[in-house]
Structures are given as C-alpha cells and as structure tokens.
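>>> I'll drop the sequence and a predicted model, then ask my questions.
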Amino acid sequence: QVQLVESGGGLVQPGGSLRLSCAASGFTLDSHAIAWFRQAPGKEREGVSCINYSTYYADSVKGRFTISRDNAKNTVYLQMNSLKSEDTAVYSCAAIRRQLFSGSIWRSAGRYVYWGQGTQVTVSS
C-alpha cells in the first residue's frame, strides 16, 4: 500500500523551530521528487519547498526552511527555523516520479500523485 505519513507538527512560539518528517511506504522516495505544501484557513494551498536533484523554496521561506532527504530511511524532512505566525498551516507532503518532474511545475499541486494526510503547525505565543 502506497502511503506518505507526515509527523513533527505542533505548537511553537514565534522564532522557534520544528522539523517535519514525511515517511514513505509502498514505494521508494528516491525515485520521486517530494514537495511540501501548506494550507492556512481561508487561504489557497501553496508550495513551500521541493527536493528533486535540486531544491526549491517559496520566497516566503527562503533562508529559514531547509528540505532534505534520507534515502536509507525513505524519509524527507523539512527543517523550519525562525518560524513566524504566518507559517501557521496544515503542512502536507506530496510525491511525483522524477521522470514526470521539472522545476517549472514544482508548485503545481495537481501534478503530484501521492499525498500525505497533513500535520498541523501552529506558531503562536
């Protein structure tokens, strides 16, 4: 059974850090590009970051977030530092086969085949 499971969300104060994990089962993450998306209440889903052979970041998170992968653990991580209240959202990871990926489409949620259920990140004092 193909599955992506996110973890690591929670409540953190502004300026704090969290590390999200996206663990895959039923397929090999290394053969896929993996992206993180987020959706805040009342807002559209937006691409946050993506990792293929290169990494991609939304302007709003550049310099604060870092995406990485551990192929041995079949897991992709999103390290989030200097968190702001506007980072509050449900974060989901998604996968697309490398052969179907290009850097120009990394923000296009509809192109991704596998999705996790999401994890809540709340940044508040």
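Happy to help now that I have it.

>>> The nearest residue to residue 91 once chain neighbours are set aside: what secondary structure?
Among residues not flanking residue 91 along the chain, residue 38 sits closest, at 4.8 Å (C-beta to C-beta, 6 or more residues apart in numbering). For the C-beta atoms, the positions are set from N, CA and C on the backbone; glycine is no exception. Assigned with DSSP: H, G, I helix; E, B strand; the rest coil, residue 38 falls in the strand class.

>>> I'd like the numbering to begin with 24 instead of 1 from here.
Yep, numbering from 24; the last one is residue 61 now.

>>> Return the set of residues that bridge with residue 61.
residue 69, residue 114 (DSSP bridges).

>>> Can you tell me the number of residues neighbouring it?
Around residue 61 there are 24 other residues, counting by other C-beta atoms under 10 Å.

>>> mind checking pLDDT for it?
We have a pLDDT of 98 for residue 61.

>>> pretty sure it is touching residue 72, no?
No. Residue 61 is beyond contact range of residue 72, at 9.7 Å (criterion: C-beta atoms under 8 Å).

>>> which residues of this protein fall in helices?
Under the criterion DSSP state H, the chain carries no helices.

>>> distance of the most centrally placed residue in it from residue 24?
What sits nearest the mean C-alpha location of the chain, by C-alpha atoms, centre = their mean, is residue 59, with 2.0 Å. Distance, residue 59 to residue 24, using C-beta to C-beta, to the nearest Å: 22 Å.

>>> for residue 132, same thing?
Distance from residue 132 to residue 24, counting by C-beta to C-beta: 22 Å.
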